[in-house]
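Student: Here is a sequence with its predicted model. Questions after.
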Amino acid sequence: MSDEVTGHGALQSYIDKWLAVQPQQRMALTFVEPNKYPGHVALAALEQELLSAAYGIREPHVAATKLNWWAEELNGAAETGGRHPLTRVLFDDERAHAISKVRWLAPVLAAMAQLEEGTAVDFSAQLNAASVLHGALAVLETAWWYGEDASPMRAERVATLNHLLYALRRLEDDAERDRLPLPMSRLARFGLSRANLRVPSSARDQAIKAQLDDLQTAWAEAPLLGGPLSVFRSLEAGQGQRLMRKAARAGAPLGVLQQGASGTGFFATLRAWRAAQRWQQQIAA
């Protein structure tokens with residue numbers, strides 16, 4: 001088991017895919033040791049697999065086929081132990097069996113339901129639509145890290161906001177998709193069409209900044225919801241907030257978003273250590 005998690009088996013390829021999207025989590029692995037907490041790492045990699053199917057596959061029927069496989073896998077994993085390397089690690093842990101099957105299946109079913117959703121009307125509708133999938137992932141993650149009685153409300157909100165920020169970073173790449181990163185009301189307000197989203201302009205910058213303003217407001221409300229964050233979610237949220245604020249101040253916000261934020265160095269390590277301390281204090285309480 002430990003050899004697989006640390007890089008000598010099929011499992012490592014899935015961990016590498018997760019780290020390619022969230023390289024800052026390498027710092028977290030210093031404190032959430034894969035040998036000691038293999039399921040924590042496997043769950044993060046599983047979340048990335050589901051998100052890649054939901055958003056990374058352009059053909060809805062292909063994505064549906066992959067997600068349907070995951071639904072069958074997770075539905076039977078408690079009895080069979082699983083076929084996939086990630087599932088096997090997860091269901092080798094008693095935590096997996098303490099979590100209801102409904103919670104394991106909820107993210108997959110939510111991902112399938114939203115495959116052909118169009119662009120949201122406004123920011124509120126966009127937030128609500130995205131929270132179905134990302135909220136389900138946060139509920140599962142919170143139960144894994146802190147138990148069934150821990151409130152997932154804060155994690156649900158920051159998971160959803162992180163997704164909307166990441167979607168905004170991909171504005172140019174996803175301009176032809178049915179579901180755009182900017183809601184319809186925002187496009188109408190700034191006179192933007194799909195074609196305009198690929199071309200730098202003052203109107204596009206203003207629309208992105210308006211989206212960032214709404215994200216910042218929603219993010220400021222997240223701590224009021226209560227509940228703990230996993231170490232991985234805490235680092236992702238912190239980096240997202242810093243990037244969001246930096247982009248909001250920039251003359252060309254999309255360029256800042258696309259550049260991303262540094263996840264290495266002394267302060268990154270310090271943030272990972274603090275997140276791990278909060279986690280350990282929470283589970284010891």
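Tutor: Looks like it arrived, so ask away.
Student: What are the boundaries of the strands in this protein?
Tutor: Shown for the chain, no strands are assigned by DSSP state E.
Student: Count the residues that sit near residue 170.
Tutor: Residue 170 has 15 neighbours, counted by other C-beta atoms under 10 Å. C-beta here means a position set from N, CA and C on the backbone, and glycine is covered the same way.
Student: got the contact list for it?
Tutor: Neighbouring residues of residue 170 by C-beta atoms under 8 Å, 6 or more residues apart in numbering: residue 181.
Student: Contacts only, for the residue located most distally from the centre of the chain.
Tutor: In the chain, the residue that sits farthest from the middle, by C-alpha atoms, centre = their mean, is residue 191; the gap is 30.2 Å. Residue 191 sits next to residue 203 when contact means C-beta under 8 Å, 6+ apart.
Student: where's it relative to residue 108, distance?
Tutor: Residue 191 sits 39 Å away from residue 108 when distances are taken as C-beta to C-beta, to the nearest Å.
Student: swap in residue 217?
Tutor: Taking C-beta to C-beta, one finds residue 217 at 31 Å from residue 108.
Student: Of those two, which one has the most company?
Tutor: Higher neighbour count among residue 217 and residue 108: residue 108, with 24 against 10, using other C-beta under 10 Å.
Student: show me what contacts the more buried one?
Tutor: 50, 67, 70-71, 74.
Student: How many neighbouring residues does the residue nearest to residue 155 when sequence neighbours are not counted have?
Tutor: Once flanking residues are discounted, residue 155 sits nearest to residue 138: 3.8 Å by C-beta to C-beta, 6 or more residues apart in numbering. When counting by other C-beta under 10 Å, one arrives at 27 neighbours for residue 138.
Student: so what's residue 147 up against?
Tutor: Neighbours of residue 147 in contact, by C-beta under 8 Å, 6+ apart: residue 98.
Student: Below-threshold pLDDT in this structure: ranges please.
Tutor: Applying pLDDT under 70 to the chain flags residues 1-9, 263.
Student: quick check: longest helix of it.
Tutor: Longest helix in the chain, counting residues (DSSP state H): helix 123-146.
Student: Next, the nearest residue to residue 60 once chain neighbours are set aside: phi, psi?
Tutor: For residue 60, ignoring the flanking residues on the chain, the nearest one in space by C-beta to C-beta, 6+ apart is residue 115 at 4.5 Å. Note on residue 115: its backbone torsions stand at phi -60, psi -40 [degrees, to the nearest 10].
Student: The longest helix of the chain packs against which elements?
Tutor: Where contact means 3 or more C-beta pairs under 8 Å, 6 or more residues apart in numbering; DSSP states H and E, helix 123-146 is packed against helix 38-51, helix 94-98, helix 101-113, helix 153-169, helix 202-221, helix 266-284.
Student: and the angle from it to helix 101-113?
Tutor: Angle between the axes of helix 123-146 and helix 101-113 is 150 degrees (criterion: axes from the mean of the first three to the mean of the last three C-alpha atoms, to 10 degrees).
Student: Report the inter-axis angle for helix 123-146 versus helix 153-169.
Tutor: Angle, helix 123-146 to helix 153-169, by the same axes, to 10 degrees: 130 degrees.
Student: May I have helix 123-146 exported as PDB, CA atoms only?
Tutor: Provided in PDB are the C-alpha atoms of helix 123-146 (Å, rounded to 0.1, in the frame of the first residue of the first chain):
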ATOM      1  CA  PHE A 123     -24.100  35.000 -10.500                       C
ATOM      2  CA  SER A 124     -26.500  33.700  -7.900                       C
ATOM      3  CA  ALA A 125     -27.800  31.100 -10.300                       C
ATOM      4  CA  GLN A 126     -24.200  30.200 -11.300                       C
ATOM      5  CA  LEU A 127     -23.200  29.800  -7.700                       C
ATOM      6  CA  ASN A 128     -26.200  27.600  -7.000                       C
ATOM      7  CA  ALA A 129     -25.600  25.400 -10.100                       C
ATOM      8  CA  ALA A 130     -21.900  24.900  -9.300                       C
ATOM      9  CA  SER A 131     -22.600  24.100  -5.700                       C
ATOM     10  CA  VAL A 132     -24.400  20.900  -6.500                       C
ATOM     11  CA  LEU A 133     -21.300  19.100  -7.700                       C
ATOM     12  CA  HIS A 134     -18.700  20.900  -5.700                       C
ATOM     13  CA  GLY A 135     -20.800  20.900  -2.600                       C
ATOM     14  CA  ALA A 136     -21.200  17.100  -2.800                       C
ATOM     15  CA  LEU A 137     -17.500  16.800  -3.100                       C
ATOM     16  CA  ALA A 138     -17.000  19.000  -0.100                       C
ATOM     17  CA  VAL A 139     -19.500  17.000   2.000                       C
ATOM     18  CA  LEU A 140     -17.700  13.800   1.200                       C
ATOM     19  CA  GLU A 141     -14.300  15.300   1.900                       C
ATOM     20  CA  THR A 142     -15.400  16.800   5.200                       C
ATOM     21  CA  ALA A 143     -16.900  13.500   6.400                       C
ATOM     22  CA  TRP A 144     -13.600  11.800   5.500                       C
ATOM     23  CA  TRP A 145     -11.400  14.200   7.300                       C
ATOM     24  CA  TYR A 146     -13.500  15.100  10.300                       C
END
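Student: That'll do, ta.
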